[in-house]
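Asks: curious how this folds, go ahead:
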Amino acid sequence: MTLSKKIIGKDPALKALLRSVKTVAATDATVLITGETGTGKELIAAAILKNSRRSDKEFIALNCAALPESIIESELFGYCKGAFTGATAAKKGLLASVAGGTLFFDEINSLSLGVQVKLLRFIQTGEYLPVGSVKTQKADVRIIAATNTDLEKQVSAGQFRQDLYFRLSVVPLLLSPLRERPQDIQLLMTHFFGYFAQKYTLRTPVISDHVLEVLQAYPWPGNIRELRNLCENLAVQRLRRIIEVNDLPLGYLQFKRETSAAGYFELPKGGMDWPKLETDLIQQAMVRTNGKCQQASFLLGMSRSALYYRTKNKV
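Replies: Presented below is the predicted three-dimensional model:
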């Protein structure tokens, strides 16, 4: 089985998450994907589908925040003729439409408590009741949910049912924000630049090292979605092939780093103890990453094998 090529990155946490995706995809367990807006939760849901036994079945994504509370129940469960004013004919809901496949609830935190109760019953029994009907229907549907909020806090505040939360989070998957994946920014930009260059028949731009430094320091409140939009902006509006810092929109320029005349690192006047400095830096990197060599080697700018050698022989 292979995961979607759209999921790009070498971040250790992302790689661990993708391993979990492959494992859970082989089952019908419910999955709760959490992460900030723009981190790619729907891509993860699609990857689960692609690697599951339901890969050739229907997949429907429902944005719970986009539908008014007054109609989401009828959209989800369907309704009978005459169930309410305007119901001139029966209509099957999403559960019936996606039977045998997968239903993805995006922003599930937006569901009303009343709909939460009925969704919980469906997850537990596979049964549901269309609006206005007294006859129970059944459907075989895999449920994947996503949220950009802390559902545990919503449970404590009485805004989300605890029993539904437990049912949804049989397998929890957490997507890291882009600001915690700075090593993936260049990879993602290369991908997006290539895509937009082909889409608009343009030259594929590249970024200078200084631009990369600025973007790695930027907090990315919109995450990968924001980075994608930036790449489209730069690909379309910038005529130069090499993008420099001043080509960036104003909102990014406050993260511009000033370089001193002495360079990146200023040598102490009295000289330095290189072995001691190396040992100290390695110890700091290992503490900061909780002993994870892959992440520590990235922070230190060396290969994992080089870090292992130095750790074994000098620390």
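Asks: quick check, pLDDT for Q295.
Replies: At Q295, the predicted lDDT confidence score is 74.
Asks: return the residues in contact with the closest residue to it other than its chain neighbours.
Replies: Excluding the flanking residues, the one nearest Q295 by Cβ to Cβ, 6 or more residues apart in numbering is T289, at 3.9 Å. C-betas here are computed from N, CA, C, even on glycine. Neighbouring residues of T289 by Cβ atoms under 8 Å, 6 or more residues apart in numbering: Q295, A296, L299.
Asks: could those residues be laid out in TSV, adding neighbour count and distance to R241?
Replies: Below are the contacts of T289 laid out as TSV (neighbours: other Cβ atoms under 10 Å; distance: Cβ to Cβ, whole Å):
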residue	neighbour count	distance to R241
Q295	19	33
A296	23	35
L299	16	31
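Asks: how about CSV for these, with secondary structure and distance to I242 added?
Replies: CSV is the format used below for the contacts of T289 (DSSP: H, G, I helix; E, B strand; the rest coil; distance: Cβ to Cβ, whole Å):
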residue, secondary structure, distance to I242
Q295, helix, 30
A296, helix, 32
L299, helix, 27
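Asks: show me the helices in the protein, by range?
Replies: Here the chain has its helices, by DSSP state H, at 12-25, 41-50, 69-77, 94-97, 113-125, 151-156, 162-168, 185-200, 209-217, 223-237, 250-253, 274-288, 293-300, 304-314.
Asks: pick the most buried one from the ones you listed.
Replies: Highest mean neighbour count among these (mean count of other Cβ atoms under 10 Å): helix 41-50, with a mean of 21.
Asks: may I have it as PDB, with CA atoms only?
Replies: Provided in PDB are the C-alpha atoms of helix 41-50 (Å, rounded to 0.1, in the frame of the first residue of the first chain):
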ATOM      1  CA  LYS A  41      -6.500  16.900   7.800                       C
ATOM      2  CA  GLU A  42      -8.600  16.000   4.700                       C
ATOM      3  CA  LEU A  43      -5.500  14.700   3.000                       C
ATOM      4  CA  ILE A  44      -4.900  12.300   5.900                       C
ATOM      5  CA  ALA A  45      -8.600  11.200   5.700                       C
ATOM      6  CA  ALA A  46      -8.100  10.600   1.900                       C
ATOM      7  CA  ALA A  47      -4.900   8.600   2.600                       C
ATOM      8  CA  ILE A  48      -6.700   6.400   5.000                       C
ATOM      9  CA  LEU A  49      -9.400   5.700   2.400                       C
ATOM     10  CA  LYS A  50      -6.800   5.100  -0.300                       C
END
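Asks: just checking, what packs against that helix?
Replies: Packing contacts for helix 41-50, counted by 3 or more Cβ pairs under 8 Å, 6 or more residues apart in numbering; DSSP states H and E, involve helix 12-25, strand 31-34, strand 59-63, strand 102-106, strand 142-147.
Asks: for P219, find the nearest of the ones you listed.
Replies: helix 12-25 (17.5 Å; Cβ to Cβ).
Asks: elements contacting that closest one?
Replies: helix 41-50, strand 171-174.
Asks: the last one pairs with which strands, parallel or anti?
Replies: Applying DSSP bridges to the sheet, strand 171-174 is found paired with strand 31-34 (parallel).
Asks: just the residues contacting the partner strand, thanks.
Replies: Counting by Cβ under 8 Å, 6+ apart, 24, 41, 44-45, 48, 143-148, 151, 165, 168-175 sit against strand 31-34.
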